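Q: next come a sequence and a model predicted from it.
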Amino acid sequence: MKVGIVGTGMVGSSAAYAMALLGVGNEIVLVDANQKLALAQAQDIAHATPYATTTSVRAGGYGDLADASIVIIAAGVSQKPGEDRLALLERNVEVFRKVIDGIMEAAPGAILLIASNPVDIMTFAAQRLSGLPASRVIGSGTILDTARFRNLLGRHLEIAARSVHADILGEHGDSEVAIWSWATAGSMPIIAFAEEIGRPLDVETRKRIAVEVRDAAYTIIEGKGSTYYGIGAGLARIVRAILANERAVLTVSQVTPEITGVPEVALSLPHIVGAQGVAAAIMPSLDDDERAALQKSAELIGSYCGNLSL
Ligand SMILES: NC(=O)C1=CN([C@@H]2O[C@H](COP(=O)(O)OP(=O)(O)OC[C@H]3O[C@@H](n4cnc5c(N)ncnc54)[C@H](O)[C@@H]3O)[C@@H](O)[C@H]2O)C=CC1
Ligand SMILES: CC(=O)C(=O)O
């Protein structure tokens, strides 16, 4: 199955690399305003595949996206040190006006997977600009934050991160919400598990971990200019769920009629992801603090979505 990627800088190329090595999709087409860059990325990634999979990776134009099952959009500007994601909005909406037109003309049947920041509002913009049903325009949302959360919890508990089920919901950004009330490790409530193995998750430790997750992008951007491997793997995970019709429960973003009383907003909740895109959104039961924090996040993102002129 063909997967297109528009925007083949650090994020787009990392997604392509992850998919090529994992064998997610059998044809990957890279499109960028900078055609020389797309060509170079395609060549470099293709040179990794003989040791991994038979996935074909090539550069192309919008016409080469015809019949793509999924098109990832990672085009646009990224944060400079100290800048937040919301500061990118206007510039990236302008980029999306051109990019979405090109994709819709070539591949009107594709599912759009949005990575560009601020990803929740860009998901809203992409859905409105494309006119596709909300279920077919998926934002990577907090897939990356959830991975960061599980990684830190696995390290704290000294267990495999894959044995941790704990999610970050809400905005992919500063108002995101760490959900502790139904987090589990090895099928046990995580706080009881942590007590049992002598690695307690007391209030201070929980706060430290949530802050480290929230601020990870700032720390990484300060150190190396941008973040890309984590989101590259997250995008590959979402693409695999769609192509294999996994109906996996993933924290991704989607335009939703109402979240905590806020109408028409794109945010991350647990969503069931399969061949048709998002099959269902799940509103989990939260404790009072988590619910209030999710509502605050929805109100913030909703105010931006409501004021976009598209
Ligand atoms: N959703 C997430 O969790 C994450 C999102 N991001 C976001 O992903 C986006 C891309 O980041 P990077 O790859 O680091 O940036 P980058 O600058 O390395 O790549 C962006 C690419 O977009 C291309 N581009 C710009 N305008 C275009 C157009 N009109 N048509 C086609 N291509 C166009 C550029 O030529 C460039 O190659 C940023 O908005 C960044 O904030 C970054 C990390 C994580
Ligand atoms: C840049 C960004 O959105 C992240 O690494 O979380």
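A: That came through, no problem. Ligands and ions are numbered 1, 2, ... in the order given.
Q: write out the residues of the stretch 151-300 of the chain neighbouring ligand 1.
A: His172, Ser226, Thr227, Tyr228, Ile231 (Cβ under 6 Å from any ligand atom). All C-beta atoms are positioned from the backbone trio N, CA, C, and that covers glycine.
Q: weed out the non-buried ones from those.
A: His172, Ser226, Thr227, Tyr228, Ile231 (16 or more other Cβ atoms under 10 Å).
Q: the residues of the stretch 151-300 of the chain next to ligand 1 also near ligand 2: which ones?
A: Thr227.
Q: closest to ligand 2 out of the residues of the stretch 151-300 of the chain next to ligand 1?
A: The closest of these to ligand 2 turns out to be Thr227 (Cβ to the nearest ligand atom; 3.4 Å).
Q: isn't the closest one up against Thr219?
A: No. Counting by Cβ atoms under 8 Å, Thr227 stays clear of Thr219, with 9.4 Å between them.
Q: in a strand, Asp67, correct?
A: No. Going by DSSP: H, G, I helix; E, B strand; the rest coil, the assignment for Asp67 is coil, not a strand.
Q: tell me, how many residues neighbour Arg240?
A: 18 (other Cβ atoms under 10 Å).
Q: for Ala241, same thing?
A: Residues near Ala241, counting by other Cβ under 10 Å: 23.
Q: hey, C-alpha coordinates of the one helix or strand it maps to in CSV?
A: Applying DSSP states H and E as the criterion places Ala241 in helix 229-243. Below are the C-alpha coordinates for helix 229-243, written out as CSV (Å, rounded to 0.1, in the frame of the first residue of the first chain):
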residue,chain,number,x,y,z
TYR,A,229,12.9,10.3,16.0
GLY,A,230,10.1,9.9,18.6
ILE,A,231,7.4,11.4,16.3
GLY,A,232,8.8,9.4,13.3
ALA,A,233,8.1,6.2,15.2
GLY,A,234,4.7,7.5,16.4
LEU,A,235,3.6,8.3,12.9
ALA,A,236,4.7,4.8,11.7
ARG,A,237,2.7,3.3,14.6
ILE,A,238,-0.5,5.2,13.4
VAL,A,239,0.1,4.3,9.8
ARG,A,240,0.5,0.6,10.7
ALA,A,241,-2.8,0.7,12.7
ILE,A,242,-4.6,2.0,9.6
LEU,A,243,-3.0,-0.2,7.0
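Q: report the next helix or strand after that helix in sequence order.
A: Following helix 229-243 in sequence, per DSSP H and E, is strand 248-259.
Q: so which bits of the helix holding Ala241 are buried?
A: In helix 229-243, counting by 16+ other Cβ under 10 Å, buried: 230-243.
Q: and if you look at stretch 58-68?
A: Ala59, Gly60, Tyr62, Asp64, Leu65, Ala66, Ala68.
Q: okay if I get those as TSV plus distance to ligand 1 and pLDDT?
A: TSV is the format used below for those (distance: Cβ to the nearest ligand atom, whole Å; pLDDT from 0 to 100):
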residue	distance to ligand 1	pLDDT
Ala59	12	98
Gly60	12	98
Tyr62	9	98
Asp64	13	98
Leu65	12	98
Ala66	17	98
Ala68	15	98
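Q: farthest pair within those residues?
A: Using Cβ to Cβ, the pair of the buried residues of stretch 58-68 lying farthest apart is Ala59 and Ala66, separated by 15.1 Å.
Q: Ile45 and Ile282, how far apart?
A: 35 Å (Cβ to Cβ, to the nearest Å).
Q: between those two, tell me which one has more neighbours.
A: Ranked by neighbour count (other Cβ under 10 Å), Ile45 and Ile282 place Ile45 first, with 23 against 9.
Q: between the buried residues of helix 229-243, which is nearest ligand 1?
A: Out of the buried residues of helix 229-243, the member with the shortest distance to ligand 1 (by Cβ to the nearest ligand atom) is Ile231, at 3.8 Å.
Q: tell me the residues of the stretch 151-300 of the chain that contact ligand 2?
A: So far as Cβ under 6 Å from any ligand atom goes, the stretch 151-300 of the chain lies against ligand 2 at Ala217, Thr227.
Q: do the same with the stretch 1-150 of the chain
A: Near ligand 2, when you scan the stretch 1-150 of the chain using Cβ under 6 Å from any ligand atom, you find Gln79, Arg85, Asn117, Leu144.
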